Structure formats: structure tokens, C-alpha cells
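Participant: need a structure here:
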Amino acid sequence: MRKTSRKSLITLFISLLLSGNSPVFSAPAEDSLPDIGTTAGATLSINQEMAIGDFYIRSIRGQAPLIYDPLLTQYINQLGQRLANHADAVKTPFHFYLLDNPNINALALFGGNVVLYSGLFRYSNNESELASIMAHEISHITQRHLARSMEEQKRTSPLAWAGTLGSILLMIANPQAGMAALSGTLAGVQQGMISFTQSNEQEADRIGMQTLSRTGFDPHGMPDFMQILVDQSRYSSRLPEMLYTHPLPASRLADARNRANQYPAKAVPESQDFLLARIRILTLYSTDQRPYIDQWLKKYRQGTDKEQLAAAYGQAILLSEDKKYAEARVILSPLLDKQPDNIWFIDTMTDIDIGQKQYANAINRLQDALKKQKNHRVLQINLANAYLMDKKYFLASQLLFRYTFNYPDDLNGWILLRKTAGEQGKNNDELAAYAEVMALQGNFSAAIEQLSKASALAKLGSYEQERYDARIDQLRQQQQSYERYKK
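Facilitator: The predicted structure is shown next:
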């Protein structure tokens, strides 16, 4: 099962101002640069950072084209958690998001939130290069660079910082108005912000490479990806988006290579999951670039065994998207026979089953897989979708109520629950599920409105009405709390 992204015109320029984050690169553990990043307590507590981060992510969900594909979401979060588990000074949970954008960029936000542009999969040659970007973003967060930047701006130009924060929020809702406000706000303080950002970058370089190496990746992935950025700027009239927000001094590439050379040589096996994730993004989210996709598939067909497997997987996806389900099944079946527990193959074969209206096959396939991989998140959401398509609404509801309880921040679960309730004529549950979608997208007023309607429909004094009213109170408190970030 896949979920398409929500399109909008937002550019997410917030990466420039709320973080100094770029795929920039670091020094070995022996480096003598001091750890200066875990201060900033005078400005924000960890709980405040997490609240601000939650506010921003809700706003981004409502405005930006995030990718909600369960498999891709699982992949970047598993990779990110591996890195975070080897990082120092981790004070918040980490959450990783994928933005449907072909450019090269990434950004760190308050509260352990990291957003990756899907274009990173196109330009990263291997998992070490992708992990190097994520390790750098993780370091910005563990070293509390955003809070430190806020603290510095409050000290030197308190009114300017307030204006900057407000302009960024305005940009989320209205890019043109936000950019105009931002230009005026930064006129007098931009150089100070850039200087402070460069010191953050230097620290994140060093700590990020330490994390990358500890996790088992090749430290050379950092300078290698930096070289890609340099090459892109050299052979294109338009700089990579990441270089606009994070200038790359000429000395930085040499410095990064020198740092990487101080680590022991490390041979990292080719990652099948990285190849499959890349192919999935290319075939599902770059549909307007079919000649380019065909070039990648041709290259992989002539590559290693893992690359050939990825090429076959990509071809099966393309055929399935073209509704040529029988042809897609012929290609995918041998792959699934060789790797019967491969979640990427199970997911796509389930889509083929559903496309051919073989719902029983899809359900049996997913139930069997769940016996081996109990409580697997991707399998559960796929099974709920298969139940829904087969009009087994009671089973879908049972599964989705558990799923949304365990994963309340997953839009997929609430969207499917809303559809299931609607098919059953359960207006209360449909309205309540839609309210959770609205709340996750930062639209608290709409969420409260939907829940108020559900409460009015429920029996007076019933458990359902009490539950809706209690949730309304929670959302009102949250809405009031987040109003401060809009000022």
C-alpha cells in the first residue's frame, strides 16, 4: 500500500532560519573541538523544544507535500533510529519525515524532528551517503543548535528573533507574504545569524561523523556526498537547494576528506533496503521523469545481484501503476519466492492482488506474514486496507482502532478509519477520525468542530459523548498552548 503526498507551493525555507543544517561533514573522535551545543537551557527547556517541534510538524503536515508511504516512512525512521542510538546527548525522541521534493536538501527542527527531501535518494550513491546527511541533522538536534540560535538572537536582537519566528510561521501559511516579511526582518541581523550558523555547522560536522562511524557506516560517505553537491553546482546553472541555505566554503571538502581519512577503513555491504527505497521513490514519486527512471532501471539490470533485484522490483511497480497487474505479478512472483518475508515485495504483491480484486489472496498473504512478523506496522496497515477493500468493515475497524491507539501520529490509520466508519454508516466514528486528521495537520479549529458534531450525534451522557468531549478539551488546551508560536 502506498500513500501519495499532498501537493502545495510551499518551499520550506524554514531550514535556513531555524537550523544550520546541511549535509556537511565532521572530524574523527580524537578531534579537539569542544562540545558547546548542549546549553541553551536559559531559553528553552527540552519539553518546550518538543512542543515547538510538534507545532511545526503539524503545520508542515497541513501545508507541505509529505510522503506518507508506510514502507518509506519505516525505512527512513529505522535508519534514523540506528544513527540516533549511537549519538551522544540524545534528549528527545527522533522522528523522520520525507518531503516529496526532487531537490537536494534536509532540515532539522525542534524536538527531534528531521525532514528529508526525496531528491536525496536520487543523488546519494549508497546508504552511507544518505546516513551522513541524517547524522549531521541529528547532531544539530542533540547539540541544541536551534535553541542556541534562539538564545543568541534574543541576546543580540530580541525583536528581530521574534519577527523572524513570526515570518517563518507566516511563510508556512502564505509563502509570498512570509518571504516579504522575512526579508524585512533579516535586513539588519542576517550576517550575525550566518556567523552563528557556521559555528553550529562545524560542531555538527565533527559529531555527525562520529555518529556515522559508530553506527557502522563509511565515514567517507560525508565528503563523497559533499563532492556531489560541488559537482551539481559546477555543471548546473542552478545551485543545489542545500547550498543556498548552507554555503559550502571551498576548504570544506578537503577538510572533510582529511577527517574521514583519520578513521579506520570500513567496507560497508551494499544495502538492499536502500536500493529498494530509492527505486520505490523513483517509480512512485517521479512519474513525470519516466525516461530518467528507465535509465536507472537499465543501469541496475547490468549491476550487482542486489541492483538487478531492485530493477525487477521497480519494473513490477511500474507495471502495477499502469494497471498491468498480470505482467507485474509475473515479474514479482520469483522475487517473492526467493525472499518470502521481504516486506517490500509483500507490500507490492498485495497491491497487485487488490488491483485484480483478489482480496482473499491479499488478506491471506498479509495474515501469514503477520504470523512471522508479529505486530509489524506496515503489514497491519496493509491488512486494514485489504479488509476495507473486501468490505470486511468490522475486521478493518477492529484492526484500525488498535492501530490508531498504538500509532496516533500516523495519518494513514485515521484516514482508513474514517473511510471504514463511513462505509458502515457510523457517522460519529467518521467525524472523530476526521478530527484526528485535522489535528495532526495543525487545524485544531476544524478538529474541534468535527468532534463537536460527533458529540451532538452521540447519545446524551453516553461513553462516546464523554470521550468526544474529553478530546475536545484536550485539543482546545493544545490549541491555546500553540497560539504563542503564531505571534
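Participant: where does this protein have low pLDDT?
Facilitator: 2-43, 149-199, 235-250, 252, 287, 486-487 (pLDDT under 70).
Participant: helix/strand/coil for T92?
Facilitator: Assigned by DSSP: H, G, I helix; E, B strand; the rest coil, the conformation of T92 is coil.
Participant: go on, the one 5 residues further on?
Facilitator: Classification of Y97 using three-state DSSP returns strand.
Participant: ditto for the one 5 residues further on
Facilitator: Classification of P102 by three-state DSSP places it in coil.
Participant: gap between it and Y123?
Facilitator: 10 Å (C-beta to C-beta, to the nearest Å). Using the backbone N, CA and C atoms, a C-beta is placed for each residue, glycine as well.
Participant: more neighbours, the two?
Facilitator: More crowded of P102 and Y123, by other C-beta atoms under 10 Å: Y123, with 20 against 17.
Participant: so who does that one touch?
Facilitator: Applying C-beta atoms under 8 Å, 6 or more residues apart in numbering to Y123 gives the contacts 104, 225, 228, 232.
Participant: got phi/psi on the first one?
Facilitator: The phi/psi pair for I104 (degrees, to the nearest 10) reads phi -100, psi 110.
Participant: and for it, the neighbour number?
Facilitator: 23.
Participant: got a list of what K374 touches?
Facilitator: Neighbours of K374 in contact, by C-beta under 8 Å, 6+ apart: none.
Participant: quick one: it is in a helix?
Facilitator: No: according to three-state DSSP, K374 belongs to no helix; its state is coil.
Participant: beta-bridge partners for the residue nearest the centre of the chain, please?
Facilitator: Ranked by distance to the mean C-alpha position of the chain (C-alpha atoms, centre = their mean), the top residue is Y97 at 0.9 Å. Going by DSSP bridges, Y97 is paired in beta bridges with V115.
Participant: check which element follows the strand or helix carrying Y300 along the chain.
Facilitator: Here Y300 sits within helix 290-301, counting by DSSP states H and E. Remark: after helix 290-301, the chain's next helix or strand is helix 305-321, criterion DSSP H and E.
Participant: residues making contact with that following helix?
Facilitator: Residues contacting helix 305-321 (C-beta under 8 Å, 6+ apart): 270, 272, 275-276, 278-280, 282-284, 287, 293, 296-301, 303, 325, 327-329, 331-332, 334-335, 344-345, 348, 351-352, 355.
Participant: and that helix, what's buried?
Facilitator: Judged by neighbour count (16 or more other C-beta atoms under 10 Å), helix 305-321 contains these buried residues: 306-307, 309-320.
Participant: what of stretch 67-76?
Facilitator: For stretch 67-76, using 16+ other C-beta under 10 Å, the buried residues are 67-76.
Participant: looking at these, which is nearest R476?
Facilitator: For the buried residues of stretch 67-76, the minimum distance to R476 (C-beta to C-beta) is 26.8 Å, reached by Y68.
Participant: is that closest one in a helix, a strand, or coil?
Facilitator: Classified using three-state DSSP, Y68 is coil.
Participant: same check on the one 5 residues further on?
Facilitator: With three-state DSSP as the basis, T73 sits in helix.
Participant: A446 versus that one, what's the distance?
Facilitator: Counting by C-beta to C-beta, the gap from T73 to A446 is 24 Å.
Participant: now do stretch 385-392: everything it contacts.
Facilitator: Here stretch 385-392 has contacts from 1, 350, 353-354, 359-360, 362-363, 366, 393, 395-396, 399, 416, 419-420, 423, using C-beta under 8 Å, 6+ apart.
Participant: list buried residues within the residues you listed.
Facilitator: Buried among these (16+ other C-beta under 10 Å): 1, 350, 353-354, 359, 362-363, 366, 393, 395-396, 399, 416, 419-420.
Participant: looking at the residues you listed, which is nearest E464?
Facilitator: For the buried ones among the contacts of stretch 385-392, the nearest to E464 is T420 (16.6 Å; C-beta to C-beta).
Participant: OK, contacts around the closest one?
Facilitator: 384, 388, 393, 396-397, 400 are the contacts of T420 under C-beta under 8 Å, 6+ apart.
Participant: that one: which element?
Facilitator: With DSSP H and E as the test, T420 turns up in helix 411-424.
Participant: for the stretch 151-300 of the chain, which segments count as strands?
Facilitator: With DSSP state E, counting those that start in this stretch as the criterion, the stretch 151-300 of the chain has no strands.
Participant: which parts of it are helices?
Facilitator: With helices called from DSSP state H, counting those that start in this stretch, the stretch 151-300 of the chain shows them at 158-173, 175-186, 190-214, 221-235, 241-245, 250-261, 272-285, 290-301.
Participant: how about I293: what's its closest non-neighbour residue?
Facilitator: The shortest distance from I293 to any non-neighbouring residue, by C-beta to C-beta, 6 or more residues apart in numbering, is to L282 (5.2 Å).
Participant: to clarify, my last question referred to L399.
Facilitator: Nearest non-adjacent residue to L399, counting by C-beta to C-beta, 6+ apart: A384, 4.6 Å away.
Participant: quick one: contacts for that neighbour?
Facilitator: 396, 399-400, 403, 413, 416, 420.
Participant: same thing but at 10 Å, please
Facilitator: Applying C-beta atoms under 10 Å, 6 or more residues apart in numbering, we find A384 in contact with 1, 366, 392, 395-404, 412-413, 416-417, 419-420.
Participant: for Y325, same thing?
Facilitator: Going by C-beta under 10 Å, 6+ apart, the list of residues near Y325 reads 316, 319, 351-358.
Participant: out of those, who's nearest A84?
Facilitator: Using C-beta to C-beta, those come closest to A84 at D351, 31.1 Å.
Participant: secondary structure element for that closest one?
Facilitator: Using DSSP H and E, D351 falls in helix 343-355.
Participant: now the angle from that helix to helix 305-321?
Facilitator: 20 degrees (axes from the mean of the first three to the mean of the last three C-alpha atoms, to 10 degrees).
Participant: restricting to C-alpha, output helix 343-355 in CSV.
Facilitator: This file holds the C-alpha atoms of helix 343-355, laid out as CSV (Å, rounded to 0.1, in the frame of the first residue of the first chain):
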residue,chain,number,x,y,z
ILE,A,343,8.2,-6.6,3.3
TRP,A,344,8.8,-4.5,0.1
PHE,A,345,7.7,-7.5,-2.1
ILE,A,346,4.8,-8.4,0.1
ASP,A,347,3.5,-4.9,0.0
THR,A,348,3.6,-4.6,-3.8
MET,A,349,2.2,-8.1,-4.3
THR,A,350,-0.7,-7.1,-2.0
ASP,A,351,-1.3,-4.0,-4.2
ILE,A,352,-1.4,-6.4,-7.3
ASP,A,353,-3.8,-8.7,-5.5
ILE,A,354,-6.1,-5.8,-4.7
GLY,A,355,-5.7,-4.4,-8.2
